[in-house]
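Trainee: Got a predicted structure plus its sequence, pasted below:
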Amino acid sequence: MMSQRSGVMSQRRGATLVWITLLLLVSLCSAVTGIQYQLNEEMPPNTLVGSLASDQGLPDTGHLYKLEVGTPYLRVDGKTGDIYTTEVPIDRETLKDCRYLFEGDPCYLEFEVSITDLIKGQSPRLIEGRIEIMDLNDNTPQFSSPILSLSIPENTHVGTLFPIPTATDKDSGSNSIADYSLTAPPDAASLFSLQVAQDTDEKLPQLIVLGNLDREARDSYDLSIKVSDGGQPARYSSALLRVTVTDVNDNPPRFERSPYEAELLENSPTGHSVLQVKANDSDMGPNGEVTYSLHQASAMVQRLLNIDRTTGIIYVKGLVDREEVGALKFYVVAKDQGPPVKSSKVQVTITIKDQNDNAPTIIIRGIGLVTHEDGVANISEDTPVGTPVALVEVSDRDEGENAIVTCVVAGDVPFQLTRASESANEKKRKYFLQTTTLLDYERIKDYRIEIVGVDSGNPALSSTNSLKVQVTDTNDNAPIFSPSLFEVEFAEENQPGDKVLDVVASDADSGTNAELTYSIIMESSIKGLFEINANTGEIRVLNQLDREHKEQYEFHVAAADKGVPSQRGTATVVVRVLDRNDNDPKFMLSGYSFSVLENMPPLSPVGMVTVMDADKGDNAKVSLSVEPDNGKFVIQNGTGTILSSISFDREKESTYTFRLKAVDGGDPPRSSYVGVTINVLDENDNAPYVTKPANSTYKFLLPLTSPETHVERVEAEDMDTGPNAELEYSIIGGNPHGLFRISQSEGEITLTKEFTRKHNGLHRLVVRVKDKGKPPRHTTALVHIFVNETLGNVTLVESLVGHSLYTPLETDIAGDPHEYLRLQQSNIVYGSLAGLAGVILVIVVVVVIRHRLQKETKSGYQAGKKESKDLYAPKQGPKSSKSKKGKKNKAPKPAKPLEEDEEASLQKGLKFNLMNDSVNDSPRIHLPLNYPPGSPDLGRHYRSNSPLPSIQLQPQSPSASKKHQAVQDLPATNTFVGTGDNSSTGSDQYSDYRITANPPKYSNKQVGDYYIKARPVQQGI
């Protein structure tokens, strides 16, 4: 027994070595054509089977791995290519391709994985592989019945062997049946034992008779037989072996040959005889009668075949399909009828021969990123040429020539088939269905692709399968506005929310790629003014528009589709705001004030106003008028120039006030008013006049007077106003030693140095008083200062003062002690001569004067006659009218520059002039100033303080009888504007021009008690 088991174990080890060697050879061979892994069955989910990237050197980044074949048992990681098990367990015994394997045949689970390069966009590669499913001991060996029957003749010799029905195990290899054991009760342990024989790849249990059997003593025994497999841990089961003691049958049937092999054409009809097995039994009678039965036949064999129990003919029982099973392998048992029953068995192999009864099978499925649903593949129109749309698997279940299939794409479509792999399996070919040209959704939206497969059988069989390829739209068209420029006119003073216009765009794409969303490209100039309906493109205004604020709005609108990425088109919208008469005419200022010079001629421009109307067209045409219209002023429409209808006289009226009315041309018209003030300015036509001190007075100072002592104050007035009346004081003569200075603005004369002996005597300061007019006017005053220790001889001082009055101004009188002493001495020596000469001189002068006074009106001083009150009053008579006439007929000449007048005056100085009839009536003092009416009569003052006769001083400035005016013509383009308030301001603030009147206000002008004839200014006067 032990030797038998050792032999069995040796056979098992040898078989294992052979199996491993075959497995290695198969692995080496398959490595050429594909990838192979090994995996035990029944592995838990997510068990790693293998890594395509790391194991096979395939890329692990930038590629997409997709399992094409292998579901539902496998899944693949899209990034790494790692293959894992799923929730569906892999049972080797139930796999379709492993269900009818013979003992020792490997079980394979095939898979296919596509690899797509996501970076380069290349066509996917197809990787084919298979996994050898290794058997696990997951099935328990089972007997065909829980009770096994065995008949043994009573005369059986000790050591005779009787076969026991074998058990079956779905596992294979070491996990299949490994051993049998027998358990007998005590009364049967000495009669029976078990021996396990090895028949090729099968364990055969046999019952050994150990003692003599006597049917009459006991006709049956119940034993227990146990079968176990070789798995770890081992699985086992038991059955009741019932041994029946019968009469003797000593020859078993014997088959004529072993094994039996036959071929069966598939699709053979039922009852078709396949093979006849025959066994002979040398016994006689019932012991030689042989019956046949199928032994260890699979369910497939039992379904397809049957055997005639008497003849041993195996015939077709069911429909035989080679594509379902290629070969049938089973045993036939031949039994005789003797007791005990003797039997033998033989192996029968029937190979199923192919008929061309299967048309090619065309399977179309997705590949890579392209998925199929209900026979429809969606592919983007921007797919590159050569992109696989589907994986086409063409197979034929037949064999040989019947399985060689030619596959083509029918019709004129931009697709073709290319081999997906170079597998040696001609029965199952795989093709990529690829594009041959660029697709355009806008031209053709879908294709019906028909694939035809024809095998090489005779007659040939064909089949077709179709795939609908729908070209999906890509967002390759931007929305287009038509037109691209929208122009609309829209009236101002609208209501918020009013519709402006509709903009419409179109998109050649479809679906979401053609669904448009409108928007306004916001700019700061239109922010918050317009809105657009995102779905319809309707543009509305959010606020009230004002044409005067902005006349035209230009902005951009956009239409964006909902594609990914989105495409956008733009258009320009121009909204022109139409005008309404909603604005009053508006003067630039709330009030105007103009300053003009007096004596302007009528219709002279006074000022200019500017009026604006923010509206447009007739609504902005403005007409101007003066209110009240008293005839003094008119205004020019178009220029806004105000003209005077009168000549201004500041002394009569210095201010004029009126309103201007502006009316536009709208319907109804709108109007506005503004106040205008005209200020009449005075001309610088009056020279300053000195009120203090008089030319004939003097100031007494002691020689010890300290410096900075105020000596005298020159006071003067000017009838003009403003800068024309602002006076400046200066010493222009009589101060050669620099003893005195005068305040420029106040006229205060101050001693600047200490007196020395040579400074004793009379000092005559020539003081000029000048205004700030343009041109300036001035007058000259004499200030006498007598410096001495005493004032004993007043008459002498007065004579010195009188003498200085006719001493030329360019001659300095600045004190001289030596001259003073000589004068005292000469008075003693020449007293008589001087007195005599003086008397004679006086007589001659009196005679001459009286002679002239007889010819003219008596208005001057006459020797020996008491002066009348009107001596210095202006004369009335024909001279006045003559002056007026000359003034009327002859335009006045412009005043000479002051510097020339001053130079002439300095050259002539103060001297006596005997005037002829055409100039004056009597000797007068021509004072260097002009006095207004009411001024003190300085002439009388001089007479009352001086014994000298009245004399006439020549004027040091242009004649006061004539207005000195600078006249400029106002340009037509000049505009006079006011200050915006009611204050009186000169138009010089706004213009470089002044308006002056040419004609003088008076033909004769009376100043003080002096009558001055108006005549053209002549040089030297």
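Mentor: Thanks, I have it.
Trainee: which residue sits closest to S510, ignoring its sequence neighbours?
Mentor: Leaving out its chain neighbours, the residue that sits closest to S510 by CB to CB, 6 or more residues apart in numbering is D473, at 4.8 Å. For every residue, glycine as well, the C-beta is placed using N, CA and C.
Trainee: Do I have it right that that neighbour meets E515?
Mentor: No: look at D473 against E515 with CB atoms under 8 Å: they stay out of range, at 11.4 Å.
Trainee: These two: which is more packed in?
Mentor: Shown here are D473 and E515; by other CB atoms under 10 Å, D473 has more neighbours (22 against 14).
Trainee: for the more buried one, what are its contacts?
Mentor: E381, Y441, D509, S510, G511, N513, A514 (CB atoms under 8 Å, 6 or more residues apart in numbering).
Trainee: Could you do L191 as well?
Mentor: With CB under 8 Å, 6+ apart, L191 has these contacts: A184, V209, L210, G211, L213, Y221.
Trainee: just checking, which of those residues belong to helices?
Mentor: Among the contacts of L191, no member is found in helices (DSSP state H).
Trainee: Just the buried ones from the residues you listed?
Mentor: Among those, those buried by neighbour count (16 or more other CB atoms under 10 Å) are A184, V209, L213, Y221.
Trainee: Now the two most distant members of these.
Mentor: A184 and L213 (13.5 Å; CB to CB).
Trainee: any low-confidence regions in the stretch 201-350 of the chain?
Mentor: For the stretch 201-350 of the chain, applying pLDDT under 70 flags the ranges 247-249.
Trainee: same question but for the chain, I mixed them up
Mentor: Those would be 1-34, 247-249, 423-425, 816-830, 855-1021, if you go by pLDDT under 70 across the chain.
Trainee: May I have the secondary structure class of I119?
Mentor: Three-state call for I119 (DSSP: H, G, I helix; E, B strand; the rest coil): coil.
Trainee: residues in contact with it?
Mentor: Contacts of I119 by CB under 8 Å, 6+ apart are G62.
Trainee: Tell me how far it lies from T85.
Mentor: 30 Å (CB to CB, to the nearest Å).
Trainee: same question, M588
Mentor: 94 Å.
Trainee: who's more crowded, these two?
Mentor: Higher neighbour count among M588 and T85: T85, with 20 against 15, using other CB under 10 Å.
Trainee: which residues pair with S623 across the strands?
Mentor: Under the criterion DSSP bridges, S623 forms beta bridges with V663.
Trainee: Please verify my assumption that it contacts G666.
Mentor: No: contact status for S623 versus G666: not in contact, 11.9 Å apart, counting by CB under 8 Å.
Trainee: So if I had to pick from these two, which one is more boxed in?
Mentor: G666 (21 against 16).
Trainee: which SS class is that one?
Mentor: coil.
Trainee: what's it in contact with, if anything?
Mentor: Per CB under 8 Å, 6+ apart, neighbours of G666: N581, D615, D618, N619.
Trainee: ranking those by neighbours, who comes first?
Mentor: For the contacts of G666, the largest neighbour count, defined by other CB under 10 Å, is 24 neighbours, found at D615.
Trainee: you'd agree it is up against P585?
Mentor: No: contact between D615 and P585 fails when scored by CB under 8 Å: they sit 9.0 Å apart.
Trainee: Surely D498 is in contact with V541?
Mentor: Yes: counting by CB under 8 Å, D498 touches V541, with 5.5 Å between them.
Trainee: Neighbour count for these two, which is higher?
Mentor: The neighbour comparison of D498 against V541 (other CB under 10 Å) goes to V541, with 19 against 13.
Trainee: okay but that one is in contact with F490, surely?
Mentor: Yes: V541 lies in contact with F490 (CB under 8 Å); the separation is 7.4 Å.
Trainee: who touches both of those two?
Mentor: By CB under 8 Å, 6+ apart, the residues touching both V541 and F490 are V500.
Trainee: contacting residues around G230?
Mentor: R12, N137, S174, N175, S176, I177, A178, D179.
Trainee: Pop out the phi and psi values for N637.
Mentor: phi -70, psi 140 (degrees, to the nearest 10).
Trainee: whoops, H851 was the one
Mentor: According to degrees, to the nearest 10, H851 has phi -60, psi -40.
Trainee: Roughly how far does it sit from V844?
Mentor: H851 is 11 Å from V844, by CB to CB.
Trainee: repeat for N358
Mentor: Taking CB to CB, one finds N358 at 176 Å from V844.
Trainee: Show me which of those two is the more surrounded one.
Mentor: Using other CB under 10 Å, the more surrounded residue of N358 and V844 is N358, with 22 against 10.
Trainee: what sits against the more buried one?
Mentor: E323, D396, R397, D398, N402, L461.
Trainee: Now rank those residues by neighbours and give me the top one.
Mentor: D396 (29 neighbours).
Trainee: so what's that residue closest to, chain neighbours aside?
Mentor: A403 is the one closest to D396 (CB to CB, 6+ apart), at 4.1 Å.
Trainee: who's in contact with the one you found?
Mentor: Taking CB under 8 Å, 6+ apart as the test, what A403 contacts is S395, D396, R397, E426, K427, D455.
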